[in-house]
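Peer 1: Need a 3D model of the sequence below.
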Amino acid sequence: MKNLYALAVLGLAFTLSGCAGFAFPGTNQGFLYASTNRNQMVTEASGGSKQGEACASSILGWITTGDSSAVAAAKEAGISQIMSVDNTYSNILGIYAKYCTVVTGQ
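Peer 2: Below you'll find the model as predicted:
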């Protein structure tokens with residue numbers, strides 16, 4: 001009976017793992033843990049001294065909140081001219097995931 005219970009718990013863990021990452025398609029999802037950075041856009045302008053960040057988070061892929069848009073990141077830092085947009089993504093056991101957009105500019 002203990003083996004059956006352990007097998008059921010293990011099966012449930014595999015079924016639910018990675019669910020939080022489904023809220024952010026196109027990201028690199030690790031089975032146990034993920035922490036990645038990705039460059040999305042770079043302009044020819046240089047000298048951006050301001051940096052803003054906007055994030056969204058997800059729990060099991062069932063509850064997702066936040067505004068991770070480049071517009072929100074630029075507004076947070078008072079940026080009127082965007083020079084680069086980067087993204088960061090982290091996922092822990094598929095239970096909690098976070099996706100952020102980092103904008104630099106002036």
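Peer 1: Show me which positions of stretch 86-102 end up buried.
Peer 2: Across stretch 86-102, burial judged by 16 or more other CB atoms under 10 Å covers 86-91, 93-94, 97-102. Glycine gets a C-beta too; all of them are placed from N, C-alpha and C.
Peer 1: To clarify, my last question referred to stretch 72-79.
Peer 2: 72-74, 77, 79.
Peer 1: Which single one of those residues is nearest to Ala56?
Peer 2: Of all those, Ala56 sits closest to Ala72, with 9.5 Å by CB to CB.
Peer 1: Three-state assignment for that closest one, please.
Peer 2: Secondary structure, DSSP: H, G, I helix; E, B strand; the rest coil: Ala72 is helix.
Peer 1: Please enumerate the strands of this protein.
Peer 2: 33-42, 50-59, 63-66, 82-92, 96-105 (DSSP state E).
Peer 1: thinking again about what came up before, could you export the buried residues of stretch 72-79 as CSV, including pLDDT and distance to Asn37?
Peer 2: Shown next, in CSV, are the buried residues of stretch 72-79 (pLDDT from 0 to 100; distance: CB to CB, whole Å):
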residue, pLDDT, distance to Asn37
Ala72, 96, 19
Ala73, 96, 15
Ala74, 95, 19
Ala77, 94, 18
Ile79, 93, 19
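Peer 1: got those as JSON lines, with distance to Tyr5 columns?
Peer 2: Output for the buried residues of stretch 72-79, formatted as JSON lines (distance: CB to CB, whole Å):
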{"residue": "Ala72", "distance to Tyr5": "45"}
{"residue": "Ala73", "distance to Tyr5": "46"}
{"residue": "Ala74", "distance to Tyr5": "51"}
{"residue": "Ala77", "distance to Tyr5": "51"}
{"residue": "Ile79", "distance to Tyr5": "54"}
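Peer 1: if we can go back for a sec, any idea which of the strands of the chain scores lowest on pLDDT?
Peer 2: Of all the strands of the chain, strand 33-42 carries the lowest average pLDDT, namely a mean of 77.
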